[in-house]
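Asks: model this:
(4 chains)
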Protein chains: 2
Amino acid sequence: MEEREDLGAMVFRLGRLLLAMEQPILDRHGVSMWAYAVLTALRESPMRTQAALAAGIGADKTRLIPVLDELQKRGLIEREPDPSDRRVRLLDLTDAGRQVHQAIQSEVRAGEADLLAAFPPADRDGFLRALIALTKR
Amino acid sequence: MEEREDLGAMVFRLGRLLLAMEQPILDRHGVSMWAYAVLTALRESPMRTQAALAAGIGADKTRLIPVLDELQKRGLIEREPDPSDRRVRLLDLTDAGRQVHQAIQSEVRAGEADLLAAFPPADRDGFLRALIALTKR
DNA sequence: TATTGTTATACTCTATAACTATA
DNA sequence: TATAGTTATAGAGTATAACAATA
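Replies: Numbers count the residues shown, from 1 in each chain, chains lettered A, B, ... in the order given. Next up, the predicted model:
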């Protein structure tokens, strides 16, 4: 345990590994990683502004716009001006969007399960508990 | 445990957290993240080619060159043509390089310890064991 | 001809600043 | 004047391709 790499180096490599696992799934569904992040955030709950959505997923609001354009064009999200303040855009998933998110996520979870399958349950649980706690907003 | 985020999302956020923790340390020593990765790799063992070093740390060989230029200029690495094959550059740390790496790493490890301090030892060990296993090359 | 390192170039991603429309 | 969203622009980071030196 004392000869381990820095946490940062390991987390960075694990990120790349996970991305390589997820990319083919996303490609199959024609959805970028940011688009998937948007679908995931909106599945939790609708959003009242694009800025809040951007902040929630750690993206710049300007780079979300082409993503939202595409998702809207494909009918995966609703995005309409709030009648009570027409500057803001109310965002929500459509049924089709919910369906696409569900399809992607179940494949992603299966891939994750494969990666974690080899570990003793205690290590796996500790890993997930620590990861969840470290990334609590 | 069932309502958790995707692994990728959590690992991505943890990566940003760790980067934010490390950046001030690196800045204080005037070393970029890639430069620190180079120092770390060379501390394990000297390298016979720049291409091997690049592959080892998951970087493109072309983007390593300015990093190596800078490290050499600062006297932190040795980089000389192999007399037996003058195409290749033999790479190694200088004493000064070893010293800088050691200083940075000890600060980074202290920061990591802070982040992990709150967890029960069992979770912390499981976390590290799983992380090490997942990133074994 | 193949390989190592280097340089030049182009491409992607991201952030900054300027603009519009509403309030 | 202030805010949400959009567009235009520039900057950083990265990869691709061409080049020089050596084998």
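Asks: Contact residues of chain A facing DNA strand D?
Replies: Neighbours of DNA strand D within chain A, by C-beta under 7 Å from any atom of the strand: A:49-52, A:61-62, A:65, A:68, A:87-89. Backbone N, C-alpha and C define where each C-beta goes, glycine included.
Asks: So which of the residues you listed reach DNA strand C?
Replies: A:62, A:87.
Asks: on contacts alone, who are the packing partners of the longest strand seen in chain A?
Replies: As assigned by DSSP state E, the longest strand anywhere in chain A is strand A:85-93. Here strand A:85-93 touches helix A:33-44, helix A:50-56, strand A:77-82, going by 3 or more C-beta pairs under 8 Å, 6 or more residues apart in numbering or on different chains; DSSP states H and E.
Asks: Please repeat the previous calculation with a cut-off of 6 Å.
Replies: strand A:77-82 (3 or more C-beta pairs under 6 Å, 6 or more residues apart in numbering or on different chains; DSSP states H and E).
Asks: Show me what the closest residue to residue A:87 other than its chain neighbours is bridged to.
Replies: Here the nearest residue to residue A:87 in space, its sequence neighbours aside, is residue A:81; by C-beta to C-beta, 6 or more residues apart in numbering or on different chains that works out to 7.7 Å. Counting by DSSP bridges, residue A:81 forms beta bridges with residue A:89.
Asks: Chain B versus residue A:81, what's the distance?
Replies: 29 Å (C-beta to the nearest C-beta, to the nearest Å).
Asks: Can you get me a residue count around the closest residue to chain B within chain A?
Replies: Closest residue of chain A to chain B, C-beta to the nearest C-beta: residue A:126 (2.3 Å). Per other C-beta atoms under 10 Å in any protein chain shown, the neighbour tally for residue A:126 reads 24.
Asks: Identify each buried residue in whichever strand or helix holds it, please.
Replies: Here residue A:126 sits within helix A:121-134, counting by DSSP states H and E. For helix A:121-134, the neighbour count (16 or more other C-beta atoms under 10 Å in any protein chain shown) marks A:123-131, A:134 as buried.
Asks: could those residues go into TSV alongside pLDDT?
Replies: Shown next, in TSV, are the buried residues of helix A:121-134 (pLDDT from 0 to 100):
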residue	pLDDT
A:123	94
A:124	96
A:125	95
A:126	95
A:127	97
A:128	97
A:129	96
A:130	96
A:131	97
A:134	95
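Asks: Who are the contact partners of the residue positioned nearest the centre of chain A?
Replies: Central residue of chain A (C-alpha atoms, centre = their mean): residue A:37, 3.0 Å from the mean position. Residues in contact with residue A:37 (C-beta atoms under 6 Å, 6 or more residues apart in numbering or on different chains) are residue A:57.
Asks: For it, give me the pLDDT.
Replies: Confidence at residue A:37, expressed as pLDDT, is 98.
Asks: So for the longest strand of chain A, what gets flagged as buried?
Replies: For strand A:85-93, by 16+ other C-beta under 10 Å, it's A:88-91, A:93.
Asks: What of stretch A:17-29?
Replies: A:17-18, A:21-22, A:25-26.
Asks: List the ones among the residues you listed that fall in helices.
Replies: Among the buried residues of stretch A:17-29, the members found in helices (DSSP state H) are A:17-18, A:21-22, A:25-26.
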